[in-house]
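K.L.:
following is a predicted model, sequence given first.
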Amino acid sequence: MLIRIFRPLAASLLVLGMTIPAVAAQLSTDARGAIPHEVQQIVTIDYRAMQNSPTAMQLRNKLMPPELKQLEESLKNSGLNESKDVEILAFVSFRISATSEQTRTVGVAQGQYSLEDVYANLRKQKIKATLYRTNRIYPMGGGGSMVSFLDKTTMVFGSLDAVKSALDARDGMSRNLLTNNALMDAMKGVENEPLWSILDQKGTQTMVHTLLGEASAVADFEAVKKRLISSSYSMNFQNGVKFSLNIQTPDGFTSTTLSSLLNAAALYKKATGSAIEKQAMDATKIDSNGGLLTIYFAASDSQFNSLLGSPLFQSVVH
């Protein structure tokens, strides 16, 4: 069960199972304002920490989902020095409307950019901007990705439609993350960690369904599923690897029921799973307090690296 938790993190946290300093990956107000309201998931990492680990980068190249790898390649092709200019990198999956299942992905990068140098380099390459209201949108090399600088510290990049959606959110043409109370609350518990992610209600439902596996077929889960609000998870790499997942529910009854279901699934996996699965279960604690359910996992660097190198883990993330 714990191994399945890591699947949404393949784009970021799975590449950082080394000795990485605990630098907080906080999104600025400007960055949050450029994230559309209908967020499905945000994954935020300290980009410099990742760049400082050659082993992490090598593992990252194997595990990063293709769509996010394309976004990052576009960032590299834009002419920026991503290893020096980018400090915080976030990938945001969002629905195009509250009633749609269609999603887009936009990247948000924070750092210290010399816009004068950037624009001079673009002019030198004869790359022209497309005006979107007062915003300038530039192509990022090949592949159709675009970039727009919000200011000297924040940029958004991705497909033209995704960038326009981010600019609409920033310019007040549509609602943004700052008005999404559920996810803003979820962010409070993890944003001071070096790596964190938040999911909306539908994303949380999908994740919990995956965690439960066969146990999700019981009637109790269908009752609990509708009452999940949001979730967040984070990782810290000081003195081993510590992973914490928080699932917000409206009351203690819901979180206690979900805790029972997850503990039952863990016991089943511990009884029937492989040695690496049993080891993961031994290192996992599931508890509830009020409306909050928490899953906590702790392991040494070597234990975590063994988990990452297992055939089972490789089959889950691919």
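P.N.:
Sure thing, it's come through. Because the structure is a prediction, the values reported are computed rather than measured.
K.L.:
CA only for contacts and neighbour counts going forward, please
P.N.:
Noted.
K.L.:
what about the strands in the chain?
P.N.:
Ranges of strands in the chain, per DSSP state E, are 39-46, 86-95, 103-111, 130-132, 135-139, 146-149, 154-158, 195-199, 230-236, 241-248, 284-289, 292-299.
K.L.:
please name the nearest non-neighbouring residue to residue 162.
P.N.:
Once flanking residues are discounted, residue 162 sits nearest to residue 106: 5.6 Å by Cα to Cα, 6 or more residues apart in numbering.
K.L.:
for burial, what's the neighbour tally of that neighbour?
P.N.:
Per other Cα atoms under 10 Å, the neighbour tally for residue 106 reads 29.
K.L.:
hmm, it is touching residue 92, no?
P.N.:
Yes. The pair residue 106 / residue 92 is scored as a contact, 5.3 Å apart, by Cα atoms under 8 Å.
K.L.:
now render the strands of the chain as JSON lines, adding distance to residue 180 and mean pLDDT.
P.N.:
Listed next are these as JSON lines, based on distance: least, Cα to Cα, whole Å; pLDDT from 0 to 100:
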{"stretch": "strand 39-46", "distance to residue 180": "9", "mean pLDDT": "88"}
{"stretch": "strand 86-95", "distance to residue 180": "12", "mean pLDDT": "89"}
{"stretch": "strand 103-111", "distance to residue 180": "17", "mean pLDDT": "91"}
{"stretch": "strand 130-132", "distance to residue 180": "25", "mean pLDDT": "95"}
{"stretch": "strand 135-139", "distance to residue 180": "24", "mean pLDDT": "93"}
{"stretch": "strand 146-149", "distance to residue 180": "23", "mean pLDDT": "92"}
{"stretch": "strand 154-158", "distance to residue 180": "19", "mean pLDDT": "92"}
{"stretch": "strand 195-199", "distance to residue 180": "12", "mean pLDDT": "88"}
{"stretch": "strand 230-236", "distance to residue 180": "11", "mean pLDDT": "86"}
{"stretch": "strand 241-248", "distance to residue 180": "15", "mean pLDDT": "88"}
{"stretch": "strand 284-289", "distance to residue 180": "24", "mean pLDDT": "93"}
{"stretch": "strand 292-299", "distance to residue 180": "19", "mean pLDDT": "90"}
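K.L.:
partner residues bridging the residue nearest to residue 164 when sequence neighbours are not counted?
P.N.:
Using Cα to Cα, 6+ apart and skipping residues adjacent in sequence, the residue nearest residue 164 is residue 132, 7.7 Å away. Residue 132 has the following beta-bridge partners by DSSP bridges: residue 135.
K.L.:
roughly how far apart are residue 132 and residue 206?
P.N.:
According to Cα to Cα, to the nearest Å, residue 132 stands 35 Å off from residue 206.
K.L.:
rewinding a little: of the strands of the chain, which stretch is the most buried?
P.N.:
Greatest average neighbour count among the strands of the chain goes to strand 195-199 (a mean of 28), per mean count of other Cα atoms under 10 Å.
K.L.:
need the CA coordinates for it. CSV is fine.
P.N.:
Coordinates of each C-alpha in strand 195-199 appear next as CSV, following Å, rounded to 0.1, in the frame of the first residue of the first chain:
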residue,chain,number,x,y,z
LEU,A,195,9.2,18.9,-1.2
TRP,A,196,5.4,18.8,-1.0
SER,A,197,2.2,18.2,-3.0
ILE,A,198,-1.5,18.9,-2.5
LEU,A,199,-4.5,17.2,-4.2
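K.L.:
no further questions, thank you.
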